[in-house]
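Asker: no FASTA, just this:
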């Protein structure tokens, strides 16, 4: 079977927005260190937001058949609970195709960046991560608006 990128040339540019969310579960002591600003690598929220935005902009390079689209905006939000952090990435574009993959790549990279920044706190005595996990990555909203 031949592989190809779908031809979207006959589609009209419209405003498109997609939001994706996901969670990273961490030890309570790690959450406390985050809240207290005691992470060795620095502010996980600032770095993870930048990582998410960079990933959004690189989606077409990471997903081989994904179209390269102009990104109008990328927003990153966090909610911190006692045992996890929820990240939400919302991406907006005016294009011929949607931004779901960009939102998913953004939130995935955001959560992976958090893991990287706190992994030294999450390891057990054997160097494993018995309780750390990334879950529930999904598109939570998709909108198209006529122009």
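Answerer: Right, received. Where do you want to start? Model, not experiment: these values are computed from the prediction.
Asker: only C-alpha atoms for contact and neighbour calcs from this point on.
Answerer: Fine.
Asker: which element is residue 107 on?
Answerer: In this assignment (DSSP states H and E), residue 107 forms part of helix 100-122.
Asker: Check which element follows that helix along the chain.
Answerer: Elements were assigned by DSSP H and E; along the chain past helix 100-122, the next helix or strand is strand 133-145.
Asker: If I take that next one and helix 100-122, what angle do their directions form?
Answerer: Regarding strand 133-145 and helix 100-122, their directions subtend 160 degrees when assessed with axes from the mean of the first three to the mean of the last three C-alpha atoms, to 10 degrees.
Asker: Which residues does strand 133-145 contact?
Answerer: The set of residues that contact strand 133-145 without belonging to it, under C-alpha atoms under 8 Å, 6 or more residues apart in numbering, is 14-26, 100, 103-104, 107-108, 111.
Asker: what stretches of this protein score poorly on pLDDT?
Answerer: Where the chain drops to pLDDT under 70, the residues are 147.
Asker: rerun at 90
Answerer: In the prediction, the chain carries residues with pLDDT under 90 at positions 1, 98, 145-147.
Asker: Geometric centre of it: which residue is closest?
Answerer: The residue lying closest to the centre of the chain (C-alpha atoms, centre = their mean) is residue 107, at 1.1 Å.
Asker: Going by neighbour count, list what's buried in the helix holding residue 107.
Answerer: In terms of neighbour count (16 or more other C-alpha atoms under 10 Å), helix 100-122 has its buried residues at 100-115, 117-119, 121-122.
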